[in-house]
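K.L.:
Model the following, please.
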Amino acid sequence: MSGPWGAAGPALRAPRAGWVWAAAAALALGALLGAWRWAAGRRRRRRPARLQRVGTVSSLFVYPVKSCRGVAVPRAQVTPMGLQSGELRDRFWLVTKEDGHMVTARQEPRLVLVSVGCEDGCLALSAPGMEELRVPVRLPRKNPVRNCRLFGLDIQGRDCGDEVARWLTTFLNSEPYRLVHFEPSMVPRKSKDVINLFRTTDEVAYPDCSPVLIISEASLEDLNTRLEKKVKIQNFRPNIFVTGCNAFEEDTWEEILIGSVEMKGTVCCARCILTTVNPDTGVLDRKEPLETLKSYRLCDPSERHIYKSSPLFGRYFAVDKTGTIQVGDPVYKMVQ
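P.N.:
Numbering: from 1, shown residues only. Down below sits the predicted model:
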């Protein structure tokens, strides 16, 4: 090329091409580094540096009707809203007053004598002196949806009908009660609205506040060494009962793995008079084991704003990764 800049033309274009190449390379490197950091972070969350075995699942319990007798199961699905075995989901049924306020064994201790099963697509209820009653799990759409109230929070439930309402009222010899069922299309309660330490993604139907409650056998044994009359694990209604660890070691578990299920420890379970209901007789004692727990299981003063004066027994967990667990599964603490 001739002209006054002919010789300079290629020399001027070469730096421009080099700059573009360098910028593109920098962008590509930045993207690669970002992807690596994201993948590394995901690996840290999903594949911790170390798994430390801390126990073994000895029992699994689902409590389909809040405050009624639990169902021991050999395996269960762990969903974001708690344990499920077949069509039985944990605390997806609730006894209410006619105005929708919840009724539990705190008010009606004989609820713990109501056994619950599932046969042929029906919830099967039985109790001393009562004939077994079956209620369809999938209720007719004509059954009204009722507005219910749990711990000051609103939630819906589809009414299970007059027959089971009469059955419960007769057995409890009480004012008229209803039974409602939480359906998947309904809006769950936010655990964070009950205890602020939960995440905004943690949700429940009719449990007090958490999808999963874990207690160790060693903790129960430790308590029973201090009681004149021993209590059962049924007094405390956990979902997962763990053996092979020290007493109250579950209080320290932040992230755990059982089977393919990952769970995050949130808060300890603050105990109330429900623990004093005898699960075999339905009699409310109001004293033990609560008084003994208060003698040595109160929280640190710095946590009084969370637990107040209630003693602690068991730990609540939220679900990070769903899956299936079974009796005999190892329990691992996920150590970063």
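K.L.:
use CA for all of it now, contacts and neighbours both
P.N.:
Noted.
K.L.:
Could you look up the SS state of the nearest residue to residue 104 once chain neighbours are set aside?
P.N.:
Closest residue to residue 104 in three dimensions, ignoring its sequence neighbours and counting by Cα to Cα, 6 or more residues apart in numbering: residue 67, at 5.4 Å. Three-state assignment for residue 67 (DSSP: H, G, I helix; E, B strand; the rest coil): coil.
K.L.:
Contacts only, for residue 67.
P.N.:
104, 105, 111, 112 (Cα atoms under 8 Å, 6 or more residues apart in numbering).
K.L.:
repeat for residue 243
P.N.:
Residues in contact with residue 243, defined by Cα under 8 Å, 6+ apart, are 55, 56, 57, 58, 216, 217, 218.
K.L.:
Among the residues you listed, which lie within helices?
P.N.:
With DSSP state H as the criterion, helices contain 217, 218 from among the contacts of residue 243.
K.L.:
What is the nearest of the contacts of residue 243 to residue 165?
P.N.:
residue 58 (35.3 Å; Cα to Cα).
K.L.:
how far away is that closest one from residue 72?
P.N.:
With distances taken as Cα to Cα, to the nearest Å, residue 58 is found 11 Å from residue 72.
K.L.:
Show me which of those two is the more surrounded one.
P.N.:
Using other Cα atoms under 10 Å as the criterion, residue 58 and residue 72 rank with residue 58 on top: 18 against 14.
K.L.:
Which pLDDT value goes with the more buried one?
P.N.:
With respect to pLDDT, residue 58 scores 98.
K.L.:
ok, it touching residue 241?
P.N.:
Yes: under the criterion of Cα atoms under 8 Å, residue 58 makes contact with residue 241 at 5.6 Å.
K.L.:
For the residue lying closest to residue 218 once chain neighbours are set aside, which residues are in contact?
P.N.:
Distances taken as Cα to Cα, 6+ apart put residue 247 closest to residue 218, at 4.4 Å, once the chain neighbours are dropped. Residues near residue 247 by Cα under 8 Å, 6+ apart: 216, 217, 218, 219, 220, 221, 222.
K.L.:
Could I have the buried ones of those as ChimeraX selection syntax?
P.N.:
ChimeraX command restricting those to the buried ones, with burial defined by 16 or more other Cα atoms under 10 Å:
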select :216,217,218,219,220
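K.L.:
Tell me the one of the contacts of residue 247 nearest residue 83?
P.N.:
Scanning the contacts of residue 247 for proximity to residue 83, where the rule is Cα to Cα, the winner is residue 216, at 17.6 Å.
K.L.:
returning to that earlier point: can you tell me how far the residue nearest to residue 104 is from residue 276?
P.N.:
According to Cα to Cα, residue 67 stands 13 Å off from residue 276.
K.L.:
ok, now residue 144?
P.N.:
35 Å.
K.L.:
if you count what's nearby, which of the two comes out ahead?
P.N.:
Higher neighbour count among residue 144 and residue 276: residue 276, with 23 against 14, using other Cα under 10 Å.
K.L.:
what secondary structure does the residue nearest to residue 218 sit in?
P.N.:
Following three-state DSSP, we place residue 247 in the coil state.
K.L.:
Now do it, the pLDDT please.
P.N.:
For residue 247, the predicted pLDDT is 98.
K.L.:
what does residue 49 give?
P.N.:
Value for residue 49, per-residue pLDDT: 55.
K.L.:
Which residue ranges of the stretch 101-250 of the chain form helices?
P.N.:
Assigned by DSSP state H, counting those that start in this stretch, the stretch 101-250 of the chain shows helices spanning 162-172, 217-224.
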